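Participant: Dropping a prediction and its sequence here:
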Amino acid sequence: MRLIDVLFVYFGACVKKNIYILVSFLMLSCTGDIKVLGSAKAEFGNGGTKNSGQPSTENDGKILRPETDAIPAEGACRYINPGRTPLKRLTKLEYNNSVQDLFPGMTIPIQSLAADERVGIFEANTNTAVDLVIAEKYMRASESIAKIAVNNLSELCVGTCDVNWALNLGERAFRRPLLQSESEGLTDLFTITESKFDNATAVRMTVEAILQSSSFLYLAEIGEEPEKEVTKLTPFELASRLSYLLTGTTPDAELMTAAKDGRLGDPAVIEAEARRLLESPMGRDRLITAISMWFGIDGLENLDGAGLTREQLTDLLLESKTFIDHVVSKEDASWKELITADYGFIGRANADFYGVTPEEDFGAVKFPAERRGLLGHPSFLAAHGRGQSIIHRGKFINKAFLCVTDFPMPQGIVPLDSFPGESERSKADKRIETTEGSCNLCHGPIDGVGKIFDPFDLDGRFRTKDEFGNDLSSEGDVSEIDIKGSFDGIADLADAMTKSQDVRSCVTKQFFTYSLGRKTTISDACTLEGMKTALELSDGNLKEMLISFVKTDAFKYRRRLDIEVE
Amino acid sequence: MKSFTRRHFLRGLGASTLALPLMPSLLNAAEALQRPKNLIIMFSPNGSLAERWRPTGSENDWEINPNDILGPLIRHKKDLLVIEGVDMKTSVRANSNGVGDDHQRGMGHMLTARNLVDNKSSEGPSVDQYIAEQIGVLPLTLAIKPGGANAHNRMSYFSSGSPATPLLAPKEIFESIFGNLDQNPEAAKQLLEQRRSVLDFVKGDLGRIKKKVSANDLQRLESHLAAVRSLEQKLISSGANGVCMKSDSPEENMVHTTDAGFPETSDFLQDMIVKSLECGLTQVATLQYSRSTGGAVFSFLDGVNRGHHDLSHENNTNTDAMEQLVKINRWYAEQMGKLIDKLKNVTYSDGTTLFDQTAILWVNELGRGSTHVGTDVPYVLAGSCGGYFRLNRFIESDDEPHNNMLLSLCHAMGVPDATFGNTKFSTGILKNLT
């Protein structure tokens, strides 16, 4: 462990919206290393460009390359440079997991809360505010959970639930020791209610109050020394960060103890805890959920608009989750295997999708040649197959795996003519070739990739001819990243993706966004570089990438509130 | 979001107690005059087809082709004001700050006439939220399959710019509107007292945490705190409305999460809006069907087998796609017709109806889906809003900005501002509506 004793020499700050902060100060560690939070521009030396990593909303009709991965100038990564730390409000899943953990021994039904925001393709409530509708949902959810608690008082407390029970619940729900004002507030609420009504009412109202509190609903990250330009998160804040990132729920007793003992300051302890959480059942579920979001198949049960029943959709999703579970449970937990595996786990009821019948329901089978990994799962193909599937699948592949995302539709352009019975490939080729109205600029990269998946119908079934009798082919191409070229079939594309530096960068960006609930910016280049290296050294192990992430400054530090970067 | 002041709330309560329809014999002329005006905004996505939407004829001598999109509204023709030629100028990419794709800008500008700030929030309030705030009522925001909180999916925004969360689940909507009306007064009073104690703790906790967050997050927590205060006021005022007649609760098996569930859910949501207006629980409601780029497949309609958004991108040469689009848009016209019927069915002793006090505006985030243009957006207005709008007309605007349409709604509802939305484009109320 390297104990960093910090000394900031503050030279000056200039904060303006959209102008990079010019802050320079020195940070000395006991080992003599100098860490500087420099201006973002200076940090990248000649390797950075003024536009690299800048968010863009307007591209003047040109396709944006993936964000430039400016390789930080030598030595730059000694700087502590955490980017923005947006305040996270629990997602629906995190809320429901947390309340279940707060009331062990009881079965808490899934509560109906408002739909989560998405940052990129991941759920994260980091932008919008709680309004009346959401506040009322929280009230009703807290009331229904409190009712269950009161009906299970024997599970809740040994003997009678008293003020100490209330304070203990508060501490577990807020994931930290209570402030004095909070203890007093809870004590007042409990004792006054108990004397005015009865014990059960006091218990009920305490649960309602705690579950509607912002300290429960948000993951507030204030830091140990909030007055400093850069502060380490408190051990309790780190515990929550670890726990929600890796298990999607409130910290367990062991993690809380490590935070209380002050041991979480030790990077070795952080790593050990992270490994323990990743290997726990909740950790496995969390990673499966994250990967499902990454591939855009979460919520497949609710997919509308084709011949698939809810039961079929549920089964198709289960096949994919079984497969993801299998891959991440292996020691190498490789993202490459997620897209290149030539096997899957097939439900008997879905055998006709594959033309292969498993020996046992959801048993392992070798995939037919046209399918490889998750990109060849009917779940993935159906989730992105609605409507003009070449466009939708192509757009998603660009967004999720190539990080090529900016595709504005030009206004006032009349769609190209099509004729009855025309194949989707023919329509796509016209879009790719038409320069008038700049159709080709977006449809080149989108439809080029999308065509590879053309033989699969909108539900994900393989065909050799479409419904009009046109022959189908799996030829397509990638034009925007380092694996430029033509590909024939999913296996061909997936193999190339595993060798692409750009795709590897994109994987780290996706998991970064997933972890912190915000898009990456230029501030994050060092963090991303570290994740990329971890991914490379471990031959694609997603768990090792997450372990490397929780050890970074971006994970352990935050900026002072008034110098938050947009 | 500004918090509702006590004065606002008392005004809201005053209006609602006057509006109770259960004692018609006691209603005198003076009360009838004070009956509140109501606004309902109904949204359907992905643009329209002008050539199949536009009525024929001139302003006062006009006809709807029964086979076209507005066909299902023929029976209400004398109560309609069909408006063509209004442009969503603020949403044109070159006029805007560039945030959002065409669908997102269409959606985000549609009721705000302001720029999006990012993919999730707006520079200012939407017209429904603004009017509600000005007249001191809590708006009712309902939707079918609107998706999560981003610019494709939200049309209603608070003053803070945060999107308003729509209510979706029938049971939850019912509870939210009528949940507190059936208890005996003592139990209701006790529940209110307990809930207020709990909310006091919640407010205190929010007050503590908000001192420790960044400016951006502070605004979110301020909004949260305002929401808790609004919730408290709502609980208090719904207690005061305990005499309002309760509506039938929704069928247990009503499915609101599938495309097939649209007809049944639409019917229920409309009932909830009408009942809320009837009971004076609000004066402003929005009803959002699907979302911008919504791909609902209306397979319950004969001949429709593709998603709405994809159909909207087809060239006119694809006659099958055009027919499917007409059918989908006719279904929305039918829903507007049903809503009008429901409002007309609430009658008062002086022979007037709830519909006479109300205006419904049917909006779309684009003019035409295939070209993504925000020009020539199709507006259908029904109901005079207490005599403000002059009906049974088809008018062609000379490319006025849609700010003016929204400002006209403000004026109709008694909020006589000079401009609405981005002042660079707002030039007053829309011509020739009154």
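Facilitator: Cool, the structure landed.

Participant: So, low pLDDT: which residues of the stretch 1-150 of chain A?
Facilitator: Scanning the stretch 1-150 of chain A for pLDDT under 70 picks out the ranges A:1-76.

Participant: Pick out the residue in it sitting closest to chain B.
Facilitator: Closest approach between the stretch 1-150 of chain A and chain B, counting by Cβ to the nearest Cβ: residue A:129, at 3.5 Å. Where C-beta positions appear, they are placed from N, C-alpha and C, glycine not excepted.

Participant: Quick check: which element contains that residue?
Facilitator: In this assignment (DSSP states H and E), residue A:129 forms part of neither any helix nor any strand.

Participant: and it, what is it in contact with?
Facilitator: Residue A:129 makes contact with B:1, B:158, B:160, B:162, B:219-221, B:223-224, B:227, according to Cβ atoms under 8 Å, 6 or more residues apart in numbering or on different chains.

Participant: Which residue comes closest to it once chain neighbours are left out?
Facilitator: residue B:223 (3.5 Å; Cβ to Cβ, 6 or more residues apart in numbering or on different chains).

Participant: secondary structure element for the one you found?
Facilitator: Per DSSP H and E: residue B:223 is located in helix B:215-240.

Participant: Would you mark the buried spots in that helix?
Facilitator: For helix B:215-240, the neighbour count (16 or more other Cβ atoms under 10 Å in any protein chain shown) marks B:217-235, B:237-239 as buried.

Participant: Quick one: mean pLDDT over it.
Facilitator: On average, the pLDDT along helix B:215-240 is 87.

Participant: Just name whatever secondary elements that helix is in contact with.
Facilitator: Using 3 or more Cβ pairs under 8 Å, 6 or more residues apart in numbering or on different chains; DSSP states H and E, the elements in contact with helix B:215-240 are helix A:132-151, helix B:6-19, helix B:185-209.

Participant: How far off centre is the last one?
Facilitator: Counting by Cα atoms, centre = their mean, to the nearest Å, helix B:185-209 is centred 30 Å from the centre of its parent chain.

Participant: what helices or strands is that helix leaning on?
Facilitator: Partner elements for helix B:185-209 (3+ Cβ pairs under 8 Å, 6+ apart): helix A:132-151, helix A:180-196, helix A:199-212, helix A:214-217, helix B:215-240.

Participant: lowest average confidence, helix or strand, in the chain?
Facilitator: Went with chain A since none was named. Between all helices and strands in chain A, the lowest mean by mean pLDDT, DSSP states H and E belongs to strand A:9-10, at a mean of 25.

Participant: let's do chain B instead
Facilitator: Between all helices and strands in chain B, the lowest mean by mean pLDDT, DSSP H and E belongs to helix B:6-19, at a mean of 36.

Participant: related to what we said a few turns ago, looking at the contacts of residue A:129, which is nearest residue A:351?
Facilitator: Ranked by distance to residue A:351 (Cβ to Cβ), these are led by residue B:162 at 48.0 Å.

Participant: Tell me which residues touch the closest residue to residue A:179 other than its chain neighbours, please.
Facilitator: Spatial nearest neighbour of residue A:179, excluding adjacent residues (Cβ to Cβ, 6+ apart): residue B:208 at 7.1 Å. Residue B:208 sits next to A:179, A:181-182, A:215 when contact means Cβ under 8 Å, 6+ apart.

Participant: Find the residue ranges of the chain scoring beneath the pLDDT cut-off.
Facilitator: In the absence of a named chain, this looks at chain A. Applying pLDDT under 70 to chain A picks out residues A:1-76, A:306, A:409-410, A:564-566.

Participant: other chain: chain B
Facilitator: Within chain B, the stretches with pLDDT under 70 are B:1-33, B:180-183, B:239-246.

Participant: And the strands in it, which stretches?
Facilitator: Applying DSSP state E to chain B gives strands spanning B:38-43, B:56-57, B:62-63, B:80-86, B:140-144, B:284-289, B:358-363, B:377-382, B:393-396.

Participant: quick one, which of these is nearest to chain A?
Facilitator: Of the strands of chain B, nearest to chain A by Cβ to the nearest Cβ is strand B:140-144, at 6.8 Å.

Participant: How far does that closest one sit from its chain's centre?
Facilitator: Worked out by Cα atoms, centre = their mean, strand B:140-144 lies 7 Å from the chain centre.

Participant: Next: stretch B:122-136.
Facilitator: Offset of stretch B:122-136 from its chain centre (Cα atoms, centre = their mean): 11 Å.

Participant: and what of stretch A:155-169?
Facilitator: On the basis of Cα atoms, centre = their mean, stretch A:155-169 sits 36 Å off its chain's mean C-alpha point.

Participant: List the neighbours of it that are in contact with it.
Facilitator: A:102-106, A:149, A:153, A:178, A:183, A:186-187, A:189-191, A:199, A:202-203, A:206-207, A:210.

Participant: Please check those residues and keep the buried ones.
Facilitator: A:102-103, A:149, A:178, A:183, A:186-187, A:189-190, A:199, A:202-203, A:206-207, A:210.

Participant: buried sites along stretch A:539-551?
Facilitator: Buried residues in stretch A:539-551, counted by 16+ other Cβ under 10 Å: A:540-551.

Participant: Okay, and which of these map to helices?
Facilitator: Judged by DSSP state H, the buried residues of stretch A:539-551 include A:542-550 as members of helices.

Participant: Name the nearest of those relative to residue A:384.
Facilitator: Set against residue A:384, the nearest of those by Cβ to Cβ is residue A:542 (21.5 Å).

Participant: isn't that closest one right up against residue A:284?
Facilitator: No. In this structure, residue A:542 is not within contact of residue A:284 by Cβ atoms under 8 Å, at 11.9 Å.

Participant: which neighbours do those two share?
Facilitator: What both residue A:542 and residue A:284 touch, as defined by Cβ under 8 Å, 6+ apart, is the set residue A:328.

Participant: about what we covered before: tell me how far the residue nearest to residue A:179 lies from residue A:496.
Facilitator: Separation of residue B:208 from residue A:496 (Cβ to Cβ, to the nearest Å): 53 Å.

Participant: Which stretches in the stretch 451-566 of chain A count as helices?
Facilitator: Remark: helices assigned in the stretch 451-566 of chain A by DSSP state H, counting those that start in this stretch are A:490-499, A:501-516, A:525-537, A:542-550, A:553-556.

Participant: do you know how far the residue nearest to residue A:104 when sequence neighbours are not counted is from chain B?
Facilitator: Nearest residue to residue A:104, sequence neighbours excluded (Cβ to Cβ, 6+ apart): residue A:155, at 7.7 Å. Between residue A:155 and chain B the distance is 22 Å, computed by Cβ to the nearest Cβ, to the nearest Å.

Participant: Tell me the buried residues in stretch B:161-178?
Facilitator: Buried residues in stretch B:161-178 (16+ other Cβ under 10 Å): B:161-170, B:172-178.

Participant: Also stretch B:59-78?
Facilitator: Neighbour-count burial for stretch B:59-78, counted by 16+ other Cβ under 10 Å, picks out B:62, B:64, B:68-74, B:76-77.

Participant: same check, this time on stretch B:146-164
Facilitator: Buried residues in stretch B:146-164 (16+ other Cβ under 10 Å): B:146-164.

Participant: just stretch A:245-259 next, same as before
Facilitator: Applying 16+ other Cβ under 10 Å to stretch A:245-259 flags A:245-252, A:255-256, A:258-259 as buried.

Participant: likewise stretch A:491-504?
Facilitator: A:491-498, A:500, A:502-504.

Participant: Residues contacting it, please?
Facilitator: When contacts are defined by Cβ under 8 Å, 6+ apart, stretch A:491-504 is touched by residues A:66, A:336, A:339-340, A:342, A:369, A:372-373, A:375, A:401-403, A:449, A:452, A:476, A:478, A:481-483, A:485, A:487, A:532, A:535-536, A:540.
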